[in-house]
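In: Starting from these lines, generate the structure:
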Amino acid sequence: NFFFGLRVQPGNAYTSKIPDNSILHITQACLGPGETTKTGRTVLKVTVEQKPFVICTLNPGVVDQCAFDLAFQGGTTPKFHLEGAASQVHLCGFYESLEPDDDSEEVDSDDDENEGLSAEEDFAEEEEEEEEEVPAPKKRKGGAPSAKEIPQKKKGKK
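Out: Residues are numbered from 1 along each chain as shown. The predicted model follows:
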């Protein structure tokens, strides 16, 4: 994930081309420094595919910031703009890569063994493997069993 930040100035529109194979998450909008002393509402809008949408309305001293989670698909170009009072708005968020991680864990080979089984059958098979009985150790006259007499627990097929 990579940070995204944008300062939206009054009277300007800002576009952000989102790379393919990623998603842009916008998670917060807030009034810029010094903007909280101004009066009047500021409406933050986004236009996607020529359709405008209101994201939030900020009002200095009343609602200075707004948290949300908007996700924009790769390949799109959202356009951010303001209406209302002349207040700067800061947008924060992050890019999420849709590329598979090279560090991802390998698939458990046991899954191939159970392919075609229902979840219940798969669970029952695992449960049977775990419930193998281990005989109790034999006690010597001196009390505790010797190391040779303690049976080792059998490992299941996992």
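In: List the buried residues for stretch 44-52?
Out: Residues of stretch 44-52 classed as buried: 44-46 (neighbour count, 16 or more other C-beta atoms under 10 Å). Glycine gets a C-beta too; all of them are placed from N, C-alpha and C.
In: would you list the residues you listed in a markdown table and tack on pLDDT, distance to residue 26 and secondary structure?
Out: Compiled in a markdown table, the buried residues of stretch 44-52 are given as follows (pLDDT from 0 to 100; distance: C-beta to C-beta, whole Å; DSSP: H, G, I helix; E, B strand; the rest coil):
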| residue | pLDDT | distance to residue 26 | secondary structure |
| --- | --- | --- | --- |
| 44 | 96 | 10 | strand |
| 45 | 96 | 12 | strand |
| 46 | 96 | 8 | strand |
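In: could you point out where the protein is predicted with low confidence?
Out: By pLDDT under 70, the low-scoring segments of the chain are 101-158.
In: where along it do the strands fall?
Out: Per DSSP state E, the chain carries strands over the ranges 2-8, 13-15, 22-31, 42-48, 51-58, 65-73, 79-84, 89-97.
In: tell me which strands and helices the shortest one is in contact with?
Out: Yep, that's strand 13-15 we're talking about. Counting contacts by 3 or more C-beta pairs under 8 Å, 6 or more residues apart in numbering; DSSP states H and E, strand 13-15 is packed against strand 79-84.
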